[in-house]
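>>> Below are the sequence and a predicted model; questions follow.
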Amino acid sequence: MIIAEVKRLPMTRFAVLGLMAGLLAGCAGFGGLDARDFDSSTVGKNLRIDSAGRNVETKLGNYLAARHATNLRDRDAAAVFYDQVLSEDPSNQVILDRAFLLQVTAGNISRAAMLAEKVVAQDPGDRTARLVLGVRDMEAGRYASARSHFDSAAAGPFTRLVSGLLTAWSYVGEGNYPLAFESLALEDDGPGHTLFGSYHAALIAELAGDTGRARAAYETAMSSSGGGSVRIVDAYGRFLERTGQVDDAVVIYSGYLALSPSHPIISDALARARSGDEPELLITSTRAGTAEALYGSGSALSRDQGVDVSILYLQLALFVDPSLDVAQVLLAELLSNSGDLAAAAETYDDVSSRSSLATTARIERALLLDRIGRTDDAIDALSSLGRQSSDAADADVAIALADLHRSTEAFDKAESGYTRALNLLQSQSSRLWTLYYARGVSRERQDKWDLAEADFLKALELEPDQPYVLNYLAYSWLEQDIKFDQALDMIQKAVDQRPNDGFIVDSLGWAYFQLGRYEEAVEQLDRAVELDPNDPTINDHLGDAFWKVGRRTEARFQWQHALDNEPEEDAAARIVRKLEKGLDAVEAAEAKNPAAGS
């Protein structure tokens, strides 16, 4: 028995990677692919360019091309075109602002700083322009000039926070630690400022050799973050290791991993602590501290503000410290999520192979190929990876490969991949239910029902009442005409947890149908179609239920709609028979000859 309705399973990745990451440029496993493979834009391919590199088309053409590139999320092309428009209309404030912001978000900080000078000439308090100019001066070691720019920005709560952090690091650059700490007196501005202020006070205190102050500041930062910030946990753990409190470091690392299993940075930190190797400081210089402040700001904004604002801060962080892997990772994730796959690929490529994030990076870079329909290339890229730095990293590769094989219906290979991951991760019980679930699906799709059922039951043992596992297992029982009462109870539990999931609501309706409770089936299946109107299976089910309650015209409409949405071949053939003869005749023929239903 192979269940035709594959979509009982949400077709998502099962890899619990926790953090996006970049990969090493030029990795042989990717067969010479580069970021251009991800660029689907046609912007700029047929431009007339003169010997000076200028577009000789009209100003309007450049403007329209810039807007088109912006809509395609191609920041690099948009920045070029807006620059060309600006060169033809230098007094246009709107174009200046757009050109400036696009240069920043495209990572062209030197060019952005040139435009920022023009922006502040017209609006001296422009916050973003002052930030860019201040960061430019911080990178160049012109600390007093940087502070002047930060002080000139228009006031605002977040401006005070960022300016305070960067001002503190400017004083560190001059060796003036008392003024650095004074600049971090941000507690009155709210809990977020307390967290950032205490964290950076701890980093600066470590550089100053003030162990007592660093310890107190780290404890405040840990309390403010609830132990959920990977950067604070990493920095504080290193501090504890360096001051002889290795057991305490192991405790905080283990606590973080309980929340985010197999996080590569903290997993490496835990392994280091147990080995007895002494770590370096997380932040070792003014440049690194400046980049850390900008990264932290960008990370906070990624949760609360628009993507472009976060990207701006991350690009500034990487301008100051191009090797900051956590900034590369977050930037690549945001670029990918916004649809700029070419820039995301380039950013992943920038992450060093020595980074703790290298394995996750290779996976995410390969999965960009899958997003543009090159699944075979993605599989080849991951298959070419050799032994990773840990069992957890090897498991991540195996899971990503298994997910890709499952998406192409190579269920035997998917099963093998999930089995390998399970063998590697037996000590990490919090991750295992997803793997038993995924392997169960792969086995069920190969008609290995006894093995599949055992996997589903094991997943529920590890994660009781998990709605997707409940739904898949119960639906499978319904399709086999077994355990109706237990299946109905399980699906009802799943619906209680996911009342707006069309597939799960469909399962409840189908359970009622199988039990002959057709009016209740119609009620649930009608709602399922509202939640997911274009799923062929749900529409087919509603058609059957309509037929059973005598609503024949509506039944035929739903069957036709199901057929229009390209169901699987066997399901489509059965729908055609129902449209021609009606459900009663089809069921009667199947009762006489079960093979007629397949």
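Thanks, I have it.
>>> Low-confidence bits of the stretch 201-350 of the chain, can you list those?
Scanning the stretch 201-350 of the chain for pLDDT under 70 picks out the ranges 304-306.
>>> Equivalent analysis for the stretch 1-150 of the chain, please.
Using pLDDT under 70, the stretch 1-150 of the chain drops low at 1-79, 81-83, 85-89, 91.
>>> and D396, what helix or strand is that in?
Here D396 sits within helix 391-407, counting by DSSP states H and E.
>>> Just the buried residues of that helix, please?
Buried residues in helix 391-407, defined by neighbour count with 16 or more other CB atoms under 10 Å: 391-407. Any C-beta I mention is one placed from the backbone N, CA and C, and that applies to glycine too.
>>> what does the average pLDDT come to for the helix or strand just after that helix?
Going down the chain from helix 391-407, the next helix or strand is helix 411-424, by DSSP H and E. Average pLDDT, helix 411-424: 96.
>>> do the same with stretch 172-188
The average pLDDT for stretch 172-188 rounds to 89.
>>> Quick one: residues in contact with it.
Stretch 172-188 has contacts (CB atoms under 8 Å, 6 or more residues apart in numbering) with 138, 141, 143, 160-161, 164-165, 167-169, 171, 193-194, 196-197, 200-201, 204-205, 207-208, 210, 213, 286, 289.
>>> Can you turn the buried part of the residues you listed into a PyMOL selection?
Of the contacts of stretch 172-188, the buried ones go into a single PyMOL selection, burial set by 16+ other CB under 10 Å:
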select buried, resi 138+143+161+164+165+167+168+169+171+193+194+196+197+200+201+204+205+207+208+210+213+286+289
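>>> Show only the entries of the contacts of stretch 172-188 found in strands.
Judged by DSSP state E, strands contain none of those.
>>> among the contacts of stretch 172-188, which are in helices?
Using DSSP state H, the subset of the contacts of stretch 172-188 located in helices is 138, 143, 160-161, 164-165, 167-169, 171, 193-194, 196-197, 200-201, 204-205, 207-208, 213, 286, 289.
>>> which parts of stretch 279-296 are buried?
Residues of stretch 279-296 classed as buried under the neighbour-count rule (16+ other CB under 10 Å) are 279, 282-283, 286-296.
>>> Using PDB, write out every CA atom in that stretch.
Taking C-alpha atoms only, stretch 279-296 is exported to PDB below (Å, rounded to 0.1, in the frame of the first residue of the first chain):
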ATOM      1  CA  PRO A 279      40.400  29.900  23.700                       C
ATOM      2  CA  GLU A 280      41.200  33.400  22.400                       C
ATOM      3  CA  LEU A 281      39.100  36.400  23.200                       C
ATOM      4  CA  LEU A 282      36.100  36.600  21.000                       C
ATOM      5  CA  ILE A 283      36.800  40.300  20.300                       C
ATOM      6  CA  THR A 284      40.500  41.200  20.000                       C
ATOM      7  CA  SER A 285      40.600  44.700  18.600                       C
ATOM      8  CA  THR A 286      38.700  48.000  18.000                       C
ATOM      9  CA  ARG A 287      37.900  46.900  14.500                       C
ATOM     10  CA  ALA A 288      36.400  43.700  15.700                       C
ATOM     11  CA  GLY A 289      34.400  45.500  18.400                       C
ATOM     12  CA  THR A 290      33.100  48.000  15.900                       C
ATOM     13  CA  ALA A 291      31.900  45.200  13.600                       C
ATOM     14  CA  GLU A 292      30.400  43.400  16.500                       C
ATOM     15  CA  ALA A 293      28.300  46.400  17.500                       C
ATOM     16  CA  LEU A 294      27.100  46.800  13.900                       C
ATOM     17  CA  TYR A 295      26.400  43.100  13.500                       C
ATOM     18  CA  GLY A 296      24.400  43.000  16.800                       C
END
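>>> wait, what's in contact with A168?
180-181, 183-184, 200, 204.
>>> From the residues you listed, pick the one nearest I109.
Using CB to CB, H200 comes nearest to I109 of the contacts of A168, at 22.0 Å.
>>> Sketch out the helices for the stretch 451-598 of the chain, chain order is fine.
Assigned by DSSP state H, counting those that start in this stretch, the stretch 451-598 of the chain shows helices spanning 467-479, 484-497, 502-514, 518-531, 536-548, 552-564, 569-581, 583-592.
>>> quick one: which of these is nearest R362?
Checking these against R362 by CB to CB gives helix 467-479 as the closest, at 27.9 Å.
>>> so where's the stretch 351-500 of the chain shaky on pLDDT?
Where the stretch 351-500 of the chain drops to pLDDT under 70, the residues are 427-429.
>>> go again using 90 as the cut-off
For the stretch 351-500 of the chain, the stretches with pLDDT under 90 are 353, 358-362, 372-373, 385-393, 425-431, 479, 481.
>>> pretty sure F150 contacts R130?
Yes: the criterion here is CB atoms under 8 Å, and F150 meets it with R130 at 6.7 Å.
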